[in-house]
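*Asks:* Sharing a model prediction with you, sequence too.
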Amino acid sequence: MSSDEPIVKIRDLCKTYLSKERLGLFRSRQKAIEALKGVNLDICRGEIFGLLGPNGAGKTTLIKCLTTLLLPTSGSIQVNGYDAQREEDSVRASIGCMLMGERGLYWKLTGRENLDLFGALYHLPPDARRRRAQDIVELLSLGEIVDRAVETYSSGQKMKLAFGKSLINDAPLLVLDEPTNTLDVPSARELRAIVRDLNRQGHTVIYTTHQMAEAEELCDRVAIVDRGEVIALGAVQELKAALQRDGVIRISGVIPQAAFAQVKRLEHIREVALTTTQGQAELRVVTQQPRLLLPELIHALYDNGALIQDIAPAQVTLEDVFVALTVRTLAEDTRVA
């Protein structure tokens, strides 16, 4: 295979689930849920590729199809030159996976026994997997805990071991699904630094996250996924540049729905979204004329019962790109029951 050939090629990928929709106590009907709708992606060798979107967007379904854990309804996937439906073993050997986080570990075994077990599943010879396990222990500073049962680990320690498990077969492609979930800030920063170093050593990385700031720091290119479709694809700066002609205003405080509704009626607004966490709201407004809009915006909020704590212009982020494309924030769960 040419070095210029993408390491991952996804064509017209669809995945439909059938679930039951209750119509009463004793009645139900089948309901089709389209988790993926004709996804097309090429992932280049040697890049860190971000797969971004809110919960329920289809990221995990896409990753499970890519790693042969799910059969797609239609479409095709090639990984490292192998067909994911006809050459599953070769695809699995080409991928190091961190899926499901700590749930993918055997809690009654020690950390070292987990690494040895997963090395054996990849058919590594005993001496090779012991050496590889020790390299991972040293890389992730797991020496103090690696010979304890995993059930005694903290959530962060389990996540670090799960990340280490993905490295055991030294695969050319790493697939990391929300790898910093439950990690504290220093540990998350350390893990991202290790990912960058592995990438410099030649590993291609697919990195799924709903944290746009993390993707901006780490990824060469990103695909934003929403409701089973890729709605934006490109380099981080390219996607942000599409909004650079606009201004972004962030307002925090107590913002009732009546005030939000009034803001949406104002002229000169391109997109607006409201996020509320524990009674604290943040209003994000994308507009081509921030200076002209700001006085009207403040009046609309105050006249409808809002209490403004802070107003600030902001640099365009990937989350603003998502808001502009969907009129929603990443905090909104889009899973379909």
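*Replies:* Now that the structure is in, tell me what you want to look at. This structure is a prediction, so every number in the text was calculated from the model and none was measured.
*Asks:* Could you double-check that Asn55 sits in contact with Thr208?
*Replies:* No: counting by CB atoms under 8 Å, Thr208 is not a contact partner of Asn55; they are 11.2 Å apart. Just so you know, the C-beta spots here come from the backbone N, C-alpha and C atoms, and that holds for glycine as well.
*Asks:* for this protein, where's the lowest mean pLDDT among helices and strands?
*Replies:* helix 318-326 (a mean of 77; mean pLDDT, DSSP states H and E).
*Asks:* What is that helix packed up against?
*Replies:* Helix 318-326 sits against helix 212-218, strand 221-226, strand 229-235, helix 236-241, strand 269-277, strand 280-287, with contacts defined as 3 or more CB pairs under 8 Å, 6 or more residues apart in numbering; DSSP states H and E.
*Asks:* from the chain's centre, how far out does it sit?
*Replies:* 15 Å (CA atoms, centre = their mean, to the nearest Å).
*Asks:* do stretch 233-252 as well
*Replies:* Offset of stretch 233-252 from its chain centre (CA atoms, centre = their mean): 19 Å.
*Asks:* now do stretch 22-30
*Replies:* 34 Å.
*Asks:* Can you give me the end-to-end span of it?
*Replies:* Stretch 22-30 has an end-to-end distance of 9 Å (CA to CA, to the nearest Å).
*Asks:* Likewise for stretch 91-111?
*Replies:* Note: stretch 91-111 ends 26 Å apart using CA to CA.
*Asks:* how far out from the middle of the chain is that stretch?
*Replies:* With CA atoms, centre = their mean, you get 18 Å for stretch 91-111.
*Asks:* Where does the nearest residue to Leu183 once chain neighbours are set aside fall, secondary structure wise?
*Replies:* Of all residues not flanking Leu183 in the chain, Gly156 sits nearest, at 5.0 Å (CB to CB, 6 or more residues apart in numbering). Secondary structure assignment for Gly156, by DSSP states H and E: helix 155-166.
*Asks:* where do the strands sit along the stretch 1-150 of the chain?
*Replies:* Under the criterion DSSP state E, counting those that start in this stretch, strands of the stretch 1-150 of the chain are mapped to 8-22, 28-43, 48-52, 74-79, 82-83, 95-98.
*Asks:* Which one, of those strands, ends up nearest to Val286?
*Replies:* Smallest distance to Val286 across the strands of the stretch 1-150 of the chain (CB to CB): 17.9 Å, for strand 48-52.
*Asks:* Quick one: list the elements packing against the closest one.
*Replies:* Judged by 3+ CB pairs under 8 Å, 6+ apart, strand 48-52 is in contact with helix 59-66, helix 185-200, strand 204-209, helix 212-218, strand 221-226.
*Asks:* could you dump the ones you listed to CSV with mean neighbour count, distance to Thr287 and mean pLDDT?
*Replies:* Shown next, in CSV, are the helices and strands packed on strand 48-52 (neighbours: other CB atoms under 10 Å; distance: least, CB to CB, whole Å; pLDDT from 0 to 100):
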stretch, mean neighbour count, distance to Thr287, mean pLDDT
helix 59-66, 23, 30, 94
helix 185-200, 15, 32, 94
strand 204-209, 24, 28, 94
helix 212-218, 18, 20, 88
strand 221-226, 24, 21, 92
